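Participant: sequence and predicted structure, then a few things I'm wondering about:
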2 protein chains.
Amino acid sequence: MFSLADIDVPIVQAPMAGGASTPALAAAVAEAGGLGFLAAGYKSADAARADIQELRSLSDRPFGVNLFAPPGRAPDGALVDVYAGRLRAAGAEPVGEPRHDDDGWSEKLDLVRELRVAVVSFVFGCPSREEIDALHAAGCAVWVTVTTGAEAAVARDAGADALVAQGVEAGGHRGTWDDAAPGDLGLIALLQAATCDDPVVATGGIATPEAVAAVRAAGAAAAQIGTALMLAPEAGTAAAHRAAIKDGREPTALTRAFTGRTARGIVNDFMRAHDAYAPSAYPDIHYVTQPLRKAARERGDASTLHLWAGQAYPLAREEPAAETVRRLSAGAASPAARSR
Amino acid sequence: MFSLADIDVPIVQAPMAGGASTPALAAAVAEAGGLGFLAAGYKSADAARADIQELRSLSDRPFGVNLFAPPGRAPDGALVDVYAGRLRAAGAEPVGEPRHDDDGWSEKLDLVRELRVAVVSFVFGCPSREEIDALHAAGCAVWVTVTTGAEAAVARDAGADALVAQGVEAGGHRGTWDDAAPGDLGLIALLQAATCDDPVVATGGIATPEAVAAVRAAGAAAAQIGTALMLAPEAGTAAAHRAAIKDGREPTALTRAFTGRTARGIVNDFMRAHDAYAPSAYPDIHYVTQPLRKAARERGDASTLHLWAGQAYPLAREEPAAETVRRLSAGAASPAARSR
C-alpha cells in the first residue's frame, strides 16, 4: 500500500475539483517526484474513470484521487429558494435548479477500488470504518481531510492512513465536516492540535520553499500545494481565473455565496453582493449558481466566477508544474523520514 | 541599540495589555534568556513608569514596552450609543460612557525615550518617521506589528528595526492598522507575504517547540508567545480567564463585541449575544464595556469577561514562565543567526 516514503519530494498536489486539476497536471507533479492527484468531485464516475485512465497513460507513478464525502441531510428548501430568488432579482443569469445529491458516492467508491488507486483522499467528511476497510482490501491508502483536532481524532480512529490537515488559509472549499461550524484554525495551530502517529500532509497557503520547510518543522510529512500550481500550463484553470491570480491585488475571503459551502476565493463583485445572504446548503446552492458561473467562465467574466485561491495566491508563478515542485521542495529531505 | 542577537533563545514574550502582562512575567522571560515585554496600553504613563522601574529592579536584562498607536478619527457616536443601549437592554451592567482618546500617546512616547527602553513595539499602526527617528536617538529599537504585506512595506519604509508579524491565529486584539478591514492572513501566509531584510518576529498560535521551529523555518528570527504564558504564576491573568483557558473546550473567534476592535477570544455568552451588533469603534466601545467587564472579573464570571486567547490556547500549561521559555526553545538556535 502506498506510503509517503514512496515519493521523492515532500510535495502533494492538491485535488482541485471544477477544472483546475487535469491528468496532465497530476502526471507532471508525479513525474517530478511528488504525488499527483485527480479530483473526482463534480464528475460522473465515467468521467473520473477516463481521467484515471488518461493519467495512467501519461505516468506510471502512483497518484491519488479525491472524493467528496456525502453531504448531510438536505437543507430547508425555502432558504435555498430565497437565495435563488435574490440572485434572479439581482439580474444574475442563468440561475439553475437546486439539487441535493451525493456526487455519486457509491459509484466512485466502487471505481477507485476497482482501479486500485494508490491513494484515495476524502474531503467534507470521513468514510465509515467499513468503507475504509474495503478500500484497504483493494490496496488503496486512505487519507482524510481534517480542519480541527476533533476531526483528526475521529479520522484516526476510523482507520485513516494519513491526515490532510487543511488550515483556514487554503483556497477552495473548507474540508470541514460540518459546514454550519466551519472553524477558522490557521495551519500551524491545526498542526499543533492534530498531532498523532499517523503521517500528516499540511495544506493551506503554502507557496514557497520556506513554507514547505515550516510545515515539515511543525511535524508534517509533506505539503499539499494547490493554488501555487494553478498558473501551470498543465492546469485547467479558466482564463479569467488565471488573470485574477496573476493580478494578485485583491484579498481572499471565505464565502458560501457560490456553492452554499464555505470556500476561500479572491474577493469579487459576486462575493461582495451575495455573501451575507448565502445559506449553508451544499450542494444545493452549487447547482443554483452553476449555470451562471459557467456562463461567466465562457465570457471571461471574473466578477461573477468563483475565483478559488488560497491566501498565498499572489506568490503563484506561471511555470511548468514540474518546476514548481522542484522549486518548493529545494533542499527538503524526502518524506520517508517522517512517514511510517 | 538592541538587536535580536542579544537574546539567548528565540522567544519574545507578547505584551498583553489589560492585566496579564506584569513586571514579574517579563522578568521571568528575560532571565530565562528571552525578551520580556511590558504592555503600556490602557495604563497611565505614571503606571507604565512604575512597571518599568519594577521590572528593572527584578532583572537587568533588556526588555520591550508596547504602545498602542493612536486610533483614527472618532466613529459615529450614534452607532456607539445604539450598541450601549443594546447592552443596557440586555441587562448588562454597569455600562460605561464612551470616550475616544489616544491612550496617552505623546506622554508614553516621552516616557520610553526618557527611560531609554531597549525595544519599543507598536500595535494598531505605525509611528511616523520623525517619531521613529526620535526613538532611535534615545537608543530605542522600534518594532512595528503588521498583519499584511502592505503594512510590512510601510513599516519598513518608516524605519522600523523589526516587524512583528501577527497571524490571524493570535489571541487578543488584531494589530491591524485599519480595523474596518482587519484581514485574515494566517501566520505562514503572512510570513511569506512580509518577506524583507528586517528581522521578523512571528506571533499567533505558537504553543509548542515544533511551532517555534516552524516559524523559524519560515524565516522568522524569533517567536512571540502570548497565550502560552497566560497560565504562568507570574502572569496577571484573571482567575475566571485562567479557568476558561484550562478548560480548553470552546473554540476561539474574532469579535468586536468587547472593545469595538477585532480581537480573538474564547467564545462565551457575551460574544455570542453581541458580536453581530458591535460597530468598529475603538476605544469608544472599550470604555462602554470596561465597567461591566471589571465587575465580571471581580465576581469570576467568565460568561461576560473578554477571554482573550489564541487558537492554540488549549496547549497552554500551568508552569513557571521560565519553564515555558525553556520548553518552547528546546533545540532552537539563538536568534543571532537570523537577525542582522
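Facilitator: Sure thing, it's come through.
Participant: every contact and neighbour count from this point should use C-alpha atoms.
Facilitator: OK.
Participant: near chain B, which residues of chain A?
Facilitator: Residues of chain A lying close to chain B (Cα under 8 Å from any Cα of the partner chain) are A:168-169, A:184-189, A:192-193, A:205-208, A:210-211, A:213-219, A:253, A:311-312.
Participant: in helices, which of those fall?
Facilitator: Of the positions in these, A:187-189, A:192-193, A:210-211, A:213-217 sit in helices, assigned by DSSP state H.
Participant: isn't A:Leu231 up against A:Arg317?
Facilitator: Yes. Between A:Leu231 and A:Arg317 there is a contact under Cα atoms under 8 Å: 6.2 Å.
Participant: the two: which is more packed in?
Facilitator: A:Leu231 (24 against 19; other Cα atoms under 10 Å in any protein chain shown).
Participant: now name the helix or strand holding that one.
Facilitator: Assessed by DSSP states H and E, A:Leu231 sits outside every helix and strand.
Participant: leaving out sequence neighbours, find the closest residue to it.
Facilitator: A:Glu318 (4.8 Å; Cα to Cα, 6 or more residues apart in numbering or on different chains).
Participant: any idea how far chain B is from that neighbour?
Facilitator: Counting by Cα to the nearest Cα, to the nearest Å, the separation of A:Glu318 from chain B is 18 Å.
Participant: and that residue, which of the three is it?
Facilitator: What DSSP: H, G, I helix; E, B strand; the rest coil gives for A:Glu318 is coil.
Participant: buried ones in the helix ranked longest in chain A?
Facilitator: The residue-count maximum for a helix in chain A (DSSP H) belongs to helix A:284-299. The neighbour-count check on helix A:284-299 (16 or more other Cα atoms under 10 Å in any protein chain shown) flags A:284-294, A:296-297 as buried.
Participant: so what touches that helix?
Facilitator: A:80, A:84, A:92-100, A:238-240, A:258-260, A:302, A:304-306 (Cα atoms under 8 Å, 6 or more residues apart in numbering or on different chains).
Participant: please apply the same query to stretch A:32-49.
Facilitator: By Cα under 8 Å, 6+ apart, stretch A:32-49 touches A:7-18, A:21-23, A:25-30, A:51-52, A:62-68, A:103-104, A:107-108, A:111, A:322, A:325-326.
Participant: restricted to helices, list those.
Facilitator: A:23, A:25-30, A:51-52, A:107-108, A:111, A:322, A:325-326.
Participant: flag the shaky bits of chain A, pLDDT-wise.
Facilitator: Scanning chain A for pLDDT under 70 picks out A:336-340.
Participant: hmm, what's the outermost residue in chain A?
Facilitator: A:Ala89 (31.6 Å; Cα atoms, centre = their mean).
Participant: the host helix or strand of A:Asp157: what's the following helix or strand?
Facilitator: Using DSSP H and E, A:Asp157 sits within helix A:149-158. Where DSSP H and E defines the elements, the next helix or strand beyond helix A:149-158 is strand A:162-166.
Participant: tell me what angle that following strand forms with helix A:149-158.
Facilitator: 160 degrees (axes from the mean of the first three to the mean of the last three Cα atoms, to 10 degrees).
Participant: and strand A:162-166, what other elements does it pack with?
Facilitator: Applying 3 or more Cα pairs under 8 Å, 6 or more residues apart in numbering or on different chains; DSSP states H and E, we find strand A:162-166 packed against strand A:141-146, helix A:149-158, helix A:187-193, strand A:200-203.
Participant: dump the ones you listed to a markdown table, plus mean neighbour count and distance to B:Glu151.
Facilitator: Listed next are the helices and strands packed on strand A:162-166 as a markdown table, based on neighbours: other Cα atoms under 10 Å in any protein chain shown; distance: least, Cα to Cα, whole Å:
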| stretch | mean neighbour count | distance to B:Glu151 |
| --- | --- | --- |
| strand A:141-146 | 28 | 32 |
| helix A:149-158 | 18 | 32 |
| helix A:187-193 | 27 | 22 |
| strand A:200-203 | 29 | 25 |
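Participant: in JSON lines, list those along with distance to A:Ile266.
Facilitator: JSON lines is the format used below for these (distance: least, Cα to Cα, whole Å):
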{"stretch": "strand A:141-146", "distance to A:Ile266": "22"}
{"stretch": "helix A:149-158", "distance to A:Ile266": "27"}
{"stretch": "helix A:187-193", "distance to A:Ile266": "19"}
{"stretch": "strand A:200-203", "distance to A:Ile266": "18"}
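Participant: so how far is chain B from the residue farthest from the centre of chain A?
Facilitator: Using Cα to the nearest Cα, A:Ala89 is found at 26 Å from chain B.
Participant: now stretch A:32-51: how far from the chain's centre is it?
Facilitator: Distance, stretch centre to chain centre, for stretch A:32-51: 12 Å (Cα atoms, centre = their mean, to the nearest Å).
Participant: before we move on, what about stretch A:157-168?
Facilitator: 13 Å.
Participant: residues contacting that stretch, please?
Facilitator: With Cα under 8 Å, 6+ apart as the criterion, stretch A:157-168 contacts A:126-129, A:132-133, A:141-147, A:152, A:155-156, A:174-175, A:183-188, A:190-191, A:194, A:198-205, B:186.
Participant: switch to 7 Å and redo it
Facilitator: Residues from elsewhere that reach stretch A:157-168 (Cα atoms under 7 Å, 6 or more residues apart in numbering or on different chains): A:128-129, A:132, A:141-147, A:184-187, A:190-191, A:198-204.
Participant: and A:Gly331, how many neighbours does it have?
Facilitator: 12.
Participant: nope, A:Ser106 is what I was after
Facilitator: Using other Cα under 10 Å, A:Ser106 has 12 neighbouring residues.
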